[in-house]
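Trainee: All I have is the shape, not the residue letters:
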């Protein structure tokens with residue numbers, strides 16, 4: 001099996017989001033709230049906005065893949 005393919009034949013990231021979607025969604029919403037509370041996002045310049053967006057995407061994806069790699073499964 002190729003190293004970038006999950007057991008079901010899809011990508012590792014897609015598999016990670018499928019397993020823990022609700023927990024990732026709730027954590028992502030908390031992260032958006034933290035970003036909006038700490039930054040005045042309406043008047044941020046383009047560079048700041050893109051840095052915040054790229055950081056947000058990286059953190060959410062890293063948590064999703066990290067939880068999947070360590071076998072963490074949250075069922076509600």
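Mentor: On my side now, so go ahead. Keep in mind that this is a model prediction, so the values were computed, not measured. Numbers count the residues shown, from 1 in each chain.

Trainee: Name the residue closest to the centre of the protein, please.
Mentor: residue 60 (1.7 Å; Cα atoms, centre = their mean).

Trainee: Contact partners for that residue?
Mentor: 24, 27-28, 31 (Cβ atoms under 8 Å, 6 or more residues apart in numbering). (Glycine included, C-beta is placed from N, CA and C.)

Trainee: let's go with 7 Å and repeat that
Mentor: Residues near residue 60 by Cβ atoms under 7 Å, 6 or more residues apart in numbering: 24, 28, 31.

Trainee: Drop anything exposed from those.
Mentor: Burial by neighbour count, 16 or more other Cβ atoms under 10 Å: within the contacts of residue 60 this picks out 24, 28.

Trainee: the helices in this structure, which residues?
Mentor: 12-19, 21-38, 46-69 (DSSP state H).

Trainee: Out of these, which gets the lowest mean score?
Mentor: Lowest mean pLDDT of the helices of the chain: helix 12-19, a mean of 89.

Trainee: what's that one packed up against?
Mentor: Helix 12-19 sits against helix 46-69, with contacts defined as 3 or more Cβ pairs under 7 Å, 6 or more residues apart in numbering; DSSP states H and E.

Trainee: can you give me the angle the helix it packs on makes with helix 21-38?
Mentor: Computed by axes from the mean of the first three to the mean of the last three Cα atoms, to 10 degrees, the angle separating helix 46-69 from helix 21-38 equals 150 degrees.
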